[in-house]
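Undergrad: Next comes the sequence, and after it the predicted model I'd like to discuss.
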Amino acid sequence: MKDYWVRDLSLAELGRRRIEWSRNFMPVLSRILERFDREKPLKGVRVGACLHVTTETAILVEALRRGGAEVNICASNPMSTQDDVAAAMAEEGVRVYAFRGQSFEEYYRCIGYVLASEPELTIDDGADLISTIHKLYYGVESEELKHVREASGDLGVKRLVEGVIGGCEETTTGVLRLRAMARGGRLLYPVVAVNDAESKRLFDNPIGTGQSALDGIVRSTGALLAGRDAVVVGYGNVGSGIARRLRGMGARVTVVEVDPIRALKAAMEGFRVETMRRAASHGELFLTATGNISVIRGEHFKLMRDGAILANAGHFDVEIDKRDLEALSVRRERVLPCVDMYVLGDGRRLFLLGEGRLVNLVCAEGHPTDVMDMSFSLQALSAEYLVRNRGRLPREVLDVPRELDELVAKLKLEAMGMELEELTEEQRRYLASWELGSR
Ligand code: NAD
Ligand code: ADE
């Protein structure tokens, strides 16, 4: 088995510097890291992680290792790895299998290398690692398994599953996939839905992506947002954050939503709400954030203006239908490192950013570190929770315990120099009673 598979080890020094810089913005994870170093709550635990390999992820991995874990990590997207960070991790002795620009085969080989270590804890962003384990276990054949098997060698998947303590999941799409496994009664071990914790979902998804998706668009195109006719598809945690930030930058924002309550919320928050067909005909910039497939497709591309920019912030590259775009185009050209121009039959040009993959991670560097501080503190604490409760948790999708969720928020507030009000005894009693009303 390979010890690492990275693009270029000579980038390690830059990676180390950038990781050190990020450390300044992760006060909560740094405190957890120090405690883990003293207490070793993950002593001897083999962790398999499938995450975007960024400076923030490197610090999470360090925290897990200081806690006593042995970590094997691959990327959760073929285009999101920061090669300098992967190089720095490899030099630190982490078994890291990740580089930017992986082919389908390479992506799944890397998952195979992580599985070969027979992880006892899995940490996913999008559920590719855990769903591979489930496919192998249940004998669900699919194209990628050939590459996984080639890399993982003689993997006893039954033995692996018997040894697993639990898993953690970082994002909405991953949690959806886990819930589908649990609904079918097929989930093989307990998994904590880190995404659903409030100190993750209320900050990472809207505020992290709100800023970093716009960062990706601006870095890759240099486009002025002020005055631009922007269409946000999906007004959930991510989409609503993007819509608000776009408006803050002066864009004219339209929202497309299928959920009537979220659509109404968008309307009452001052956005124009339209069908995709109507929005397609006037938008200059389109951003998808639905976690759903083909939300922008052939019928919509046919209506679009020349020069429209298309980007996706949802987990997989399925939201903007690239097959339809290909089929309608007479020519495709990479005009800038993160911009593909598609020329349609009548000469109109549509510009797709980052191959329709997560624009914030492919065309920029992902969420600002300060936000990942909360998300990855929750990951570290959830890993510790799983290990401390080994053998006692049901094979279900579990919430992050409320006290851990609140602990992360409290530590973050403290680090920000903010103060938290406390309930008085009288207030506590009042809130808990049905007898007390007006005075
Ligand atoms: P969410 O469930 O809160 O929101 C998704 C919204 O999309 C919902 O309101 C849903 O009704 C809507 N929707 C579904 N199909 C639609 C369609 N055809 N047209 C219009 N609207 C539609 O989920 P979320 O937390 O906002 O996450 C969205 C996606 O972003 C997921 O794939 C998630 O994994 C991903 N994500 C990405 C990042 C990132 O760094 N880029 C960060 C967090 C989450
Ligand atoms: N997801 C979104 N932004 C990220 C980042 N900076 N690091 C790891 N995962 C991320």
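TA: Right, received. Where do you want to start? Ligands and ions are numbered 1, 2, ... in the order given.

Undergrad: which residues of the stretch 1-150 of the chain score low on pLDDT?
TA: When the per-residue scores of the stretch 1-150 of the chain are filtered using pLDDT under 70, the ranges that remain are 1.

Undergrad: could you pull out the strands for it?
TA: Along the stretch 1-150 of the chain, the stretches classed as strands by DSSP state E, counting those that start in this stretch are 46-51, 70-75, 95-97, 121-124.

Undergrad: Check which helices and strands the third one is in contact with.
TA: When you say that, I think you mean strand 95-97. On a contact count with 3 or more CB pairs under 8 Å, 6 or more residues apart in numbering; DSSP states H and E, strand 95-97 meets strand 70-75, helix 83-91, helix 104-116. C-beta here means a position set from N, CA and C on the backbone, and glycine is covered the same way.

Undergrad: Glu274: neighbour count?
TA: As a burial measure, Glu274 scores 18 neighbours (other CB atoms under 10 Å).

Undergrad: what's in contact with stretch 261-275?
TA: Outside stretch 261-275, the residues within contact range by CB atoms under 8 Å, 6 or more residues apart in numbering are Val232, Tyr235, Gly236, Ser240, Ala243, Arg244, Arg247, Val253, Thr254, Val255, Val256, Glu257.

Undergrad: Show the contacting residues for the first one.
TA: Shown in contact with Val232 (CB under 8 Å, 6+ apart): Gly239, Ile242, Ala243, Leu246, Val253, Thr254, Val255, Val256, Phe271, Leu287, Ala289.

Undergrad: out of the helices and strands packed on strand 95-97, deepest packed?
TA: Each of the helices and strands packed on strand 95-97 was assessed for mean neighbour count using mean count of other CB atoms under 10 Å. The highest is strand 70-75, with a mean of 26.

Undergrad: and that one, what does it pack onto?
TA: With contacts defined as 3+ CB pairs under 8 Å, 6+ apart, the packing partners of strand 70-75 are strand 46-51, helix 55-66, strand 95-97, helix 104-116.

Undergrad: Following element in sequence after the longest helix along the chain, please.
TA: Of all the segments assigned as helix in the chain under DSSP state H, the longest by residue count is helix 369-388. Note on helix 369-388: by DSSP states H and E, the next helix or strand toward the C-terminus is strand 397-398.

Undergrad: How is the chain divided into domains?
TA: Following the assignment in automatic domain parsing, the chain carries domains at 9-201+367-415, 206-362.

Undergrad: re the thing from before, got the helices and strands packed on strand 95-97 as CSV, with distance to ligand 1 columns?
TA: Compiled in CSV, the helices and strands packed on strand 95-97 are given as follows (distance: least, CB to the nearest ligand atom, whole Å):
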stretch, distance to ligand 1
strand 70-75, 14
helix 83-91, 16
helix 104-116, 17
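
Undergrad: thought Ala226 was touching Arg247?
TA: No - using CB atoms under 8 Å, Ala226 and Arg247 do not qualify as a contacting pair, with a distance of 10.5 Å.

Undergrad: who's more crowded, the two?
TA: Relative neighbour count places Arg247 above the other of Ala226 and Arg247, with 17 against 9, counting by other CB under 10 Å.

Undergrad: Can you verify my assumption that the more buried one contacts Gly241?
TA: No - in this structure, Arg247 is not within contact of Gly241 by CB under 8 Å, at 11.0 Å.

Undergrad: Next, count neighbours for Thr369.
TA: Here the neighbour count serves as a burial measure; for Thr369 (other CB under 10 Å) it reads 22.

Undergrad: now do Gly417
TA: Neighbours of Gly417 (other CB under 10 Å): 6.

Undergrad: just Arg17 next, same as before
TA: For Arg17, the count of nearby residues is 13 (other CB under 10 Å).

Undergrad: Also Thr81?
TA: Other residues lying near Thr81 total 28 when counted by other CB under 10 Å.
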